[in-house]
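K.L.:
attaching a predicted model along with its sequence, questions to come.
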Amino acid sequence: MSILNKYIWIVDTLHQAGERGISLKELNEKWVRNEALSCGEPIPRQTFDRWKGNILDLLGVIIECHTKGGYRYYIENPEILSDSKLSRWLLDTYSTVNALSKHTSLHNRILVEEIPSNRNFLAFIINAMKDNMVVVLTYKNFITEKEHSFPICPYCLKMFQKRWYTLALSVHENKLRIYALDRIVNAQLTEQHFTIPKDFDAREYFSSYFGIVLDETVKEQRIILRAYKPHQNYLRTLPLHPSQKEIYTCDTYADFELSLRPTYDFAMELLHAGALVEVLEPESLRKQMYSWVKDLWNMYKEK
């Protein structure tokens with residue numbers, strides 16, 4: 001079991017303990033029962049103190065101690081677990097893995113989705129990002145199906161629809177590009193370091209996009225979608241974009257407002273819903289959807 005899993009277990013356990021916190025003795029009682037992590041051995045205090053610092057560095061979680069009432073440890077900044085999507089995702093993923101690992105006998109009855117791009121280059125890109133190292137990628141594009149090698153500076157990682165992508169500066173073009181990890185044939189570290197611009201913010205960069213189609217020619221717009229029952233509940237529980245808000249509700253439908261760039265991948269997502277979601281605004285997106293649906297109709301009509 002990796003050290004990161006151990007850190008996440010500690011954060012998850014302290015988070016569940018809430019403001020009251022938990023003593024090291026109580027923590028160790030839970031720890032020892034989880035033999036997959038602990039191998040039946042408690043956490044020495046010196047080790048726990050060292051891990052607290054590592055958890056702060058890696059996850060941004062501050063672990064403090066109530067000196068009154070028996071030295072009980074707690075998370076001083078629990079808001080990080082809701083504000084930081086990565087920390088929340090790691091905790092949710094760990095909780096899922098922990099629950100599934102206790103019931104491996106049910107493996108034929110618990111079906112999960114594979115993310116193939118996890119396997120080969122995810123850890124490699126993360127390490128390159130950590131040390132700000134230039135990477136030479138050998139990449140196979142889906143369109144050309146030819147392999148090309150070129151240097152990149154990996155700025156950030158993004159998961160989208162069961163694939164991992166890295167947003168990177170193409171050194172030769174001096175332009176930010178998106179690369180799918182499952183299309184990387186090979187990757188090698190160079191001895192060159194790069195510096196990320198101080199004003200670069202990964203979340204802000206993607207804030208106006210739906211997914212990973214980074215078409216700057218498409219302007220950010222106010223979009224109104226009408227979701228008919230029962231699809232309105234799907235949009236409520238799994239919003240299409242962080243800007244989404246519900247602006248009208250009645251017995252038969254609900255209207256949602258979003259602010260983003262209606263790129264190709266966003267249009268494809270709307271097509272997935274079929275006639276259960278209608279674009280009300282803007283007219284340009286409505287016409288684009290009509291064009292896609294018309295082409296689809298003509299394709300099947302000819303059959």
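P.N.:
It's in.
K.L.:
hey, which helix or strand in this structure has the poorest pLDDT?
P.N.:
Using mean pLDDT, DSSP states H and E, helix 85-101 stands out as the lowest-scoring helix or strand of the chain, at a mean of 66.
K.L.:
tell me the helix or strand right after it.
P.N.:
Scanning forward in sequence from helix 85-101 by DSSP states H and E, the next helix or strand is helix 122-131.
K.L.:
pairing partners for the helix or strand following that following helix, with directions?
P.N.:
Reading on from helix 122-131 to the C-terminus, the next helix or strand found by DSSP H and E is strand 133-140. Sheet pairing for strand 133-140, assigned by DSSP bridges, gives strand 147-160 (antiparallel), strand 184-193 (antiparallel).
K.L.:
residue 267 belongs to a strand?
P.N.:
No. Per DSSP: H, G, I helix; E, B strand; the rest coil, residue 267 lies outside any strand segment and is helix.
K.L.:
that one against residue 290, yeah?
P.N.:
No. Judged on CB atoms under 8 Å, residue 267 makes no contact with residue 290 at a distance of 11.0 Å. The C-beta positions use only the backbone N, C-alpha and C, and glycine is treated the same way.
K.L.:
so those two - more neighbours on which side?
P.N.:
The residue with more neighbours, out of residue 267 and residue 290, is residue 267; 17 against 11, by other CB atoms under 10 Å.
K.L.:
returning to that earlier point: most tightly packed of the strands paired with strand 133-140?
P.N.:
Counting by mean count of other CB atoms under 10 Å, strand 147-160 has the highest mean neighbour count of the strands paired with strand 133-140, with a mean of 17.
K.L.:
quick one: it to chain centroid distance?
P.N.:
Centroid separation for strand 147-160 versus its chain: 16 Å, with CA atoms, centre = their mean, to the nearest Å.
K.L.:
between helix 122-131 and it, find me the angle.
P.N.:
Angle of strand 147-160 versus helix 122-131, following axes from the mean of the first three to the mean of the last three CA atoms, to 10 degrees, is 90 degrees.
K.L.:
per-domain residue ranges of this structure.
P.N.:
3-105, 121-206, 221-302 (automatic domain parsing).
K.L.:
helix or strand: which one has residue 54?
P.N.:
Assessed by DSSP H and E, residue 54 sits inside helix 45-59.
K.L.:
partner strands of whatever helix or strand comes next after that helix, parallel or antiparallel?
P.N.:
Once the chain leaves helix 45-59, the next helix or strand it forms, by DSSP H and E, is strand 63-66. Strand 63-66 sits in its sheet next to strand 72-75 (antiparallel), going by DSSP bridges.
K.L.:
measure how far the strand it pairs with is from the centre of its chain, please.
P.N.:
28 Å.
K.L.:
give the buried residues for that strand.
P.N.:
72-75 (16 or more other CB atoms under 10 Å).
K.L.:
other residues contacting it?
P.N.:
With contact meaning CB atoms under 8 Å, 6 or more residues apart in numbering, strand 72-75 is reached by 11, 14-15, 17-24, 27, 61-66, 81.
K.L.:
if you set the cut-off to 6 Å instead, what comes out?
P.N.:
Strand 72-75 has contacts (CB atoms under 6 Å, 6 or more residues apart in numbering) with 14-15, 21-23, 61, 63, 65-66.
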